[in-house]
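Q: build me a model from this:
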Amino acid sequence: MSKVRDVEINNEQLVGMYGHHLNEGPFIPLWKESGSEEVLRGNNNSFIVLGRDRDGHAGEGVGGQGGTGCGSIDIVAGLGGFDYKEGVKKQINGRKGIDKNNYPTDLRRTDPNFYMDAARVYITEKGNIDHYFGLAQGTERVKQSELKSAIGIKADHLRLVGREHIKIVTGKARLENGGTAGERNSGGGKIENVGKIDLIAGNYTDPEETGFMSIFGDSMGVGKTIRKLQPIPKGDNLKEILDRILDHVIELSSLARSNTGWIQNLTTIFQAHVHEFNVPFGPTSPPITSALVSLPVWVECWSNWVGSLVLTLNVIVDKIMFLFPFFSTYVNSRFVNTT
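A: As a prediction, the model looks like this:
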């Protein structure tokens with residue numbers, strides 16, 4: 001970061017520099033007040049508005065529809081955004097008698113717009129925050145956020161910075177002597193379910209199909225619908241099941257090597273024997289029976305059969321413990337989802 005030098009300059013040179021006011025004329029809109037709103041306006045398109053819930057013109061939002069208990073705080077930088085400035089340019093260039101110095105005040109008055117305004121922090125006691133910001137449906141129930149308190153933050157870029165730690169938490173506060181129901185929501189209702197956390201990139205959660213893999217046939221699940229929003233795996237549980245799978249692979253490999261060994265021994269015995277008198281079913285030299293008895297083949301065979309049965313049971317148990325959401329070892333998070 002560069003350091004500003006101490007220099008002597010007059011007021012004209014300070015215009016727009018070092019935080020001094022820069023008159024942008026009609027390109028700075030005026031907040032179009034609704035009812036009893038209290039508006040704190042800066043000189044550079046920044047506003048803090050205390051009023052009743054609304055996401056657009058005076059008739060929108062819970063406040064615009066006559067609702068009660070819907071106080072709001074709207075903090076906006078860049079009211080109207082790029083579209084407002086383009087509209088001013090068209091008005092100046094397209095209408096006679098309008099220029100920067102006599103631009104009508106009524107054309108500068110602008111309602112809030114959650115899509116066009118440059119940056120916003122919106123706090124409402126009662127509103128429909130997902131509708132206001134045009135958010136995709138997550139894992140919550142349909143309209144679960146409707147008529148609820150909410151805070152929405154929107155800009156081209158957001159940064160949440162914790163020098164030591166950040167927590168993203170859903171659910172009731174851990175209260176002592178909080179009663180049987182504990183903390184309630186802002187409307188006095190019981191919080192009966194643990195809230196989920198959805199990480200949605202692209203504001204899109206519609207299911208997808210695997211049609212693009214059709215060249216591989218049924219083995220790739222052609223036509224299968226895949227959920228866009230899926231649970232995040234839990235690291236420790238995922239590591240545990242991967243460790244178990246690798247152990248099972250090693251055990252299976254050991255069984256396969258053992259089977260291969262005694263099959264090779266059997267092959268050697270049958271290759272070495274000769275039928276006497278050229279009779280296919282006659283006596284052999286050396287006798288096959290004595291050769292087979294001398295090998296621990298049947299013990300190994302029985303041991304491998306038991307081992308494979310135990311391995312199969314272990315795989316079934318692991319599948320139940322790690323792939324069914326009834327146990328704490330479930331590999332996926334029950335409450336955190338992502339696209």
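Q: for this protein, which spans come out with low pLDDT?
A: For the chain, applying pLDDT under 70 flags the ranges 1-14, 95-97, 211-223, 261-262, 264-266, 268-300.
Q: so where do the helices sit in the stretch 101-250 of the chain?
A: Listed in chain order, the helices of the stretch 101-250 of the chain (DSSP state H, counting those that start in this stretch) span 105-108, 129-133, 235-272.
Q: would you mind finding the most buried of those helices?
A: helix 129-133 (a mean of 19; mean count of other CB atoms under 10 Å). For the C-beta atoms, the positions are set from N, CA and C on the backbone; glycine is no exception.
Q: show me what that one is packed up against.
A: Counting contacts by 3 or more CB pairs under 8 Å, 6 or more residues apart in numbering; DSSP states H and E, helix 129-133 is packed against strand 146-154.
Q: what pairs with the strand it packs on, parallel or antiparallel?
A: strand 119-128 (antiparallel) (DSSP bridges).
Q: and the strand it pairs with, C-alpha only, in PDB?
A: Extracted C-alpha coordinates of strand 119-128, given in PDB (Å, rounded to 0.1, in the frame of the first residue of the first chain):
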ATOM      1  CA  ALA A 119     -23.800  -4.000  -3.100                       C
ATOM      2  CA  ARG A 120     -26.300  -4.600  -0.200                       C
ATOM      3  CA  VAL A 121     -26.700  -5.800   3.300                       C
ATOM      4  CA  TYR A 122     -30.400  -6.300   4.000                       C
ATOM      5  CA  ILE A 123     -31.800  -7.000   7.400                       C
ATOM      6  CA  THR A 124     -35.500  -7.700   7.900                       C
ATOM      7  CA  GLU A 125     -37.700  -8.700  10.800                       C
ATOM      8  CA  LYS A 126     -40.100 -10.500   8.600                       C
ATOM      9  CA  GLY A 127     -39.700 -11.100   4.800                       C
ATOM     10  CA  ASN A 128     -39.100 -13.600   2.100                       C
END
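Q: now distance to Asp117 too, for the helices of the stretch 101-250 of the chain, in CSV please.
A: Listed next are these as CSV, based on distance: least, CB to CB, whole Å:
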stretch, distance to Asp117
helix 105-108, 15
helix 129-133, 11
helix 235-272, 39
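Q: contact partners of stretch 311-322?
A: With CB atoms under 8 Å, 6 or more residues apart in numbering as the test, stretch 311-322 has contacts from 237, 240-241, 244-245, 248, 251-252, 255, 327, 329-331.
Q: now the spatially most central residue of the chain: closest residue in space, sequence neighbours ignored.
A: Closest residue to the average C-alpha location of the chain: Leu199 at 1.8 Å, with CA atoms, centre = their mean. Residue nearest to Leu199 in three dimensions, not counting chain neighbours: Thr338, with 4.0 Å by CB to CB, 6 or more residues apart in numbering.
Q: the one you found against Ile232, yeah?
A: Yes. Contact criterion CB atoms under 8 Å: Thr338 and Ile232 qualify, at 5.4 Å.
Q: anything in contact with each of those two?
A: Shared contacts of Thr338 and Ile232, defined by CB under 8 Å, 6+ apart, are found at Leu199.
Q: buried ones in stretch 101-114, by neighbour count?
A: Using 16 or more other CB atoms under 10 Å as the test for burial, stretch 101-114 gives Tyr103, Arg108, Thr110, Asp111, Pro112, Asn113, Phe114.
Q: what residues does the closest residue in space to Phe82 that isn't next to it in sequence make contact with?
A: Nearest in space to Phe82, with sequence neighbours left out and distances taken as CB to CB, 6+ apart, is Met116 at 7.4 Å. Residues in contact with Met116 (CB under 8 Å, 6+ apart) are Gly80, Gly81, Phe82, Asp83, Tyr84.
Q: what subset of those residues is buried?
A: By 16+ other CB under 10 Å, the contacts of Met116 give Gly80, Gly81, Tyr84 as buried.
Q: taking the residues you listed one by one, which sit in helices?
A: Using DSSP state H, Gly81, Tyr84 are the members of those that sit in helices.
Q: now distance to Gly94 too, for the buried ones among the contacts of Met116, in a markdown table please.
A: Listed next are these as a markdown table, based on distance: CB to CB, whole Å:
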| residue | distance to Gly94 |
| --- | --- |
| Gly80 | 18 |
| Gly81 | 20 |
| Tyr84 | 16 |
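Q: ok, and what's touching stretch 191-206?
A: Counting by CB under 8 Å, 6+ apart, 134-140, 168, 170-172, 181-185, 228-229, 232, 335-339 sit against stretch 191-206.
Q: likewise stretch 75-85?
A: Residues contacting stretch 75-85 (CB under 8 Å, 6+ apart): 27, 29, 31, 45-49, 87, 110, 112-113, 116-123.
Q: my read: Arg334 touches Pro231, true?
A: Yes. Using CB under 8 Å, Arg334 is in contact with Pro231, at 7.0 Å.
Q: just the buried subset of the contacts of stretch 191-206, written out for PyMOL, thanks.
A: The following PyMOL line selects those of these that are buried, judged by 16+ other CB under 10 Å:
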select buried, resi 138+139+172+228+229+335+336+337+339
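Q: what about the strands in this protein?
A: Ranges of strands in the chain, per DSSP state E, are 30-31, 38-41, 46-52, 71-77, 109-110, 119-128, 146-154, 197-199, 208-209, 225-226, 230-233, 274-275, 284-285, 332-338.
Q: having no further points to raise, I will conclude here.
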